[in-house]
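Visitor: When you get a sec, could you give me coordinates for this:
(chains A and B)
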Amino acid sequence: MTIAQRLSVLDPTVQPATDRCGGAARLDSLDGKVIGLYNNGKPNAARLVELVGEELGRRYALQGVVRGVYSASHGMRREEWAGIEQCDAIVLATGD
Amino acid sequence: MGVPMTVLSSAAYEADGEADALELCYRNGWTDGLPVVPPTEERVRRMLAAVPREPAEVLGVYRERGRQITLEKVAINAVMAGCLPEYLPLVVAIVEVLLDPRYDFHAANASTGSPALGFIVNGPIRDAIGMNYQGNVLGPGNRANATIGRALRLLQINAFGSVPGAGLDEASPLPILDRATLGQPGKYAGFHLPEYEEAYPDWPPLHVERGFARDQNVVTVFATGGGLQISLHVEQRAEQIAETVAHQLAHLGRNTGQGWLVLALTPEAARIVVRDGWSRAQLREAIYARATRSTAWLKQNGWSTGGFLHGALSNAPLAPGDELQQKSVVRGPDDIYLVVAGGPAGAWAYVLLPYGPIAAKAF
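Guide: Take a look at the predicted model:
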């Protein structure tokens, strides 16, 4: 009878290191606020976020709208988020 | 008293023999669907001995997913793929390119567009580790070609988190972060493309064209949506080869004036170009020029001018200046990465279409 030899198999996986962060403070209203409409440049993402922006414009007295396009192929890069400091809230649209 | 061994940091799972160890790897979601070599500590240490660096060394950080990739983890996945220890330096070099913050390989790990990794290998290492750059260079049959490519895929699954299976999330023990819609066969072992540098010694290979010394080991890493094989069996002159390749490329809807291509020529096809006295640069320039089309041509032939993601549905009317605006299938002639590879019989070109960046590293 052959007795199987005990083996130790090493774990090939890498676990993500996640930073703890809290959520942003909630706004009580968008009246008088600047919103950002950002999309990832894929088909229909710009159209979707514009439709959301139009609806928000109908419901709230927005102070202003900032628009931008970012890439989904990499993490956040400062140059793709110009104007973000002006925004009180941001809507992202991700197309694919 | 002997030198204490470096402690490996990876968790260990117990198994009753090889068969149970293999099933453990399957249960944990650690494979690509094919059987793997269970990465025992002994096998991993043997693998690590091929590179004189500490197992805990962080080769890079996959920023988008917050994962620190150590040499130890690369070695474990290389064992699983069936690599010999002498392959590890090449695997490490490729991983270092993938993790270099100057390059964006996140799409290769995350896109629903199913990209696979590819790598061109130049230099003495090809023969030193027994790579095949002749018949079936992109296909099966060679341990180095296949297992190096597979090690990369297992790293993508296990270390980078690109577990495949979108739509099957409930059945997976791990989060599905490779949500590729179709996938492709190239995702098993990649597009492994060591160059047949010796085929035409007076025609400088890719890495020499790019400024490296001939005796340097260089790997050029890229991601690709897949390949296109082009028959060159009736073409008898270099300009005819350029014309045929350019003609096929120009009809793919990819005339964006951006990006790059990898172009592999088989020895029989390359012989025609070499015989006609063309340099590699001449061939690249000829393909670039012959693949250039105007915006007017794109509109008249049903192609969108918005790039390949936008299909053929533009139906855009001609506008003044459309004849003058010209775009090729790559940014410039230098963005065609030309290699000679393949077996002795058959005149073919093989084009690998871009999916993200391409980058080279000497090692």
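
Visitor: tell me the contacts of residue B:337?
Guide: Neighbouring residues of residue B:337 by C-beta atoms under 8 Å, 6 or more residues apart in numbering or on different chains: B:120, B:206, B:220, B:222, B:260, B:261, B:262, B:263, B:358. (Glycine included, C-beta is placed from N, CA and C.)

Visitor: Listing partners with orientation, what would you give for the helix or strand where it lies?
Guide: Here residue B:337 sits within strand B:336-340, counting by DSSP states H and E. For strand B:336-340, the pairing partners within the sheet under DSSP bridges are strand B:261-265 (parallel).

Visitor: Other residues contacting the partner strand?
Guide: Applying C-beta under 8 Å, 6+ apart, the set of residues contacting strand B:261-265 is B:118, B:120, B:137-138, B:191, B:193, B:222, B:224, B:241, B:245, B:249, B:273, B:287, B:329-330, B:335-342, B:348-354, B:358.

Visitor: List buried residues within these.
Guide: Among these, those buried by neighbour count (16 or more other C-beta atoms under 10 Å in any protein chain shown) are B:118, B:120, B:137-138, B:191, B:193, B:222, B:224, B:241, B:245, B:249, B:273, B:287, B:329-330, B:335-342, B:348-354, B:358.

Visitor: Would you mark the buried spots in stretch B:40-47?
Guide: For stretch B:40-47, a neighbour-count test (16+ other C-beta under 10 Å) marks B:40, B:41, B:43, B:44, B:45, B:47 as buried.

Visitor: These also near chain A: which ones?
Guide: Among these, proximity to chain A is found for B:40, B:41, B:44 (C-beta under 8 Å from any C-beta of the partner chain).

Visitor: Next, the residue sitting nearest the centre point of chain A: secondary structure please.
Guide: Closest to where the C-alpha atoms of chain A average out (C-alpha atoms, centre = their mean) is residue A:92, at 5.5 Å. Three-state call for residue A:92 (DSSP: H, G, I helix; E, B strand; the rest coil): strand.

Visitor: and it, what does it touch?
Guide: For residue A:92, the contact set (C-beta under 8 Å, 6+ apart) comprises A:38, A:39, A:40, A:49.

Visitor: Just say helix, strand or coil for the residue nearest to residue B:112 when sequence neighbours are not counted.
Guide: Nearest non-adjacent residue to residue B:112, counting by C-beta to C-beta, 6 or more residues apart in numbering or on different chains: residue B:181, 4.9 Å away. Under three-state DSSP, residue B:181 falls in the coil class.

Visitor: And the pLDDT for residue B:181?
Guide: Residue B:181 carries a pLDDT value of 95.

Visitor: For it, give me phi and psi.
Guide: Dihedral pair for residue B:181: phi -70, psi -50, per degrees, to the nearest 10.

Visitor: what about it, how many neighbours?
Guide: For residue B:181, the neighbour count with other C-beta atoms under 10 Å in any protein chain shown is 11.

Visitor: wait, what's in contact with it?
Guide: Residue B:181 makes contacts with B:112, B:113, B:114, B:166, as judged by C-beta under 8 Å, 6+ apart.

Visitor: separation between the second one and chain A?
Guide: It refers to residue B:113. Distance of residue B:113 to chain A, given as C-beta to the nearest C-beta, to the nearest Å: 9 Å.

Visitor: so that residue touches residue B:225, yeah?
Guide: Yes. Residue B:113 lies in contact with residue B:225 (C-beta atoms under 8 Å); the separation is 6.2 Å.

Visitor: what is in contact with the two at once?
Guide: Shared contacts of residue B:113 and residue B:225 (C-beta under 8 Å, 6+ apart): residue B:355.

Visitor: Convert the strand holding residue B:337 to CSV, retaining C-alpha atoms only.
Guide: Taking Å, rounded to 0.1, in the frame of the first residue of the first chain, the C-alpha atoms of strand B:336-340 are listed here in CSV:
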residue,chain,number,x,y,z
ILE,B,336,6.0,48.8,-36.2
TYR,B,337,7.9,46.3,-34.1
LEU,B,338,9.3,44.0,-36.7
VAL,B,339,10.8,40.5,-35.9
VAL,B,340,11.7,37.5,-38.0
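
Visitor: Just after it, pick out the following helix or strand.
Guide: That would be, after strand B:336-340 and using DSSP H and E, strand B:348-362.

Visitor: The helix or strand that contains residue B:80 close to chain A?
Guide: Assigned by DSSP H and E, residue B:80 belongs to helix B:71-81. Yes. On the criterion C-beta under 8 Å from any C-beta, helix B:71-81 is in touch with chain A at B:73, B:76, B:77, B:80.

Visitor: Please report how far the third one lies from residue B:101.
Guide: Going back to what we said before, that points to residue B:77. For residue B:77, the distance to residue B:101 equals 22 Å [C-beta to C-beta, to the nearest Å].

Visitor: So which of those two has more stuff around it?
Guide: Counted by other C-beta under 10 Å, residue B:77 and residue B:101 do not tie: residue B:77 has more neighbours, with 31 against 10.

Visitor: I'd guessed that one sits against residue B:159; true?
Guide: Yes. Between residue B:77 and residue B:159 there is a contact under C-beta under 8 Å: 6.5 Å.

Visitor: Spell out which residues sit in contact with the closest residue to residue B:145 other than its chain neighbours, please.
Guide: Leaving aside its chain neighbours, residue B:145 sits nearest to residue B:192 (4.2 Å; criterion: C-beta to C-beta, 6+ apart). Residues near residue B:192 by C-beta under 8 Å, 6+ apart: B:118, B:119, B:121, B:131, B:137, B:138, B:145, B:146, B:148, B:149.

Visitor: from what I can see, residue B:192 looks like it's in a strand, true?
Guide: Yes. Membership of residue B:192 in a strand is supported by three-state DSSP.
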